[in-house]
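Peer 1: predicted model and sequence follow; I will ask about them next.
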Amino acid sequence: KGLGRRNPGLIPLAVQDVFSYIKQSPEREFLLRVSYLEIYNEVINDLLAPEAINLRIREDAKNRSVWVDGLKEEIVVS
């Protein structure tokens, strides 16, 4: 067997956990959106939109939320 099957990594494990939780909650409806970003040498790049480079982190202290401005989101169903 390949190494990937024994050690799937953080992203596959997180995705598996999220879909497991959704499957265990049939009485609820979910909208699942994902983004993939890379932080390297303090530069944030969008891995779903390669043209989106050097993005900025934004913060709303009142609502206690943090996001990356301009980061692409995709709706996921499986």
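Peer 2: Everything's here; your move.

Peer 1: what about residue 46, how many neighbours?
Peer 2: For residue 46, the count of nearby residues is 19 (other CB atoms under 10 Å). (Each C-beta comes from the backbone N, C-alpha and C, glycine too.)

Peer 1: also residue 68?
Peer 2: 17.

Peer 1: the residue lying closest to it once chain neighbours are set aside and residue 23, how far apart?
Peer 2: Distance criterion CB to CB, 6 or more residues apart in numbering; nearest residue to residue 68, sequence neighbours excluded, is residue 55 at 5.1 Å. Distance, residue 55 to residue 23, using CB to CB, to the nearest Å: 33 Å.

Peer 1: between the two, who's got more neighbours?
Peer 2: residue 55 (19 against 8).

Peer 1: list the contacts for the more buried one?
Peer 2: Each residue near residue 55 by CB atoms under 8 Å, 6 or more residues apart in numbering is listed here: 37, 44, 45, 46, 68, 69, 70, 71.

Peer 1: for this structure, give me the ranges with low pLDDT.
Peer 2: 1-5 (pLDDT under 70).
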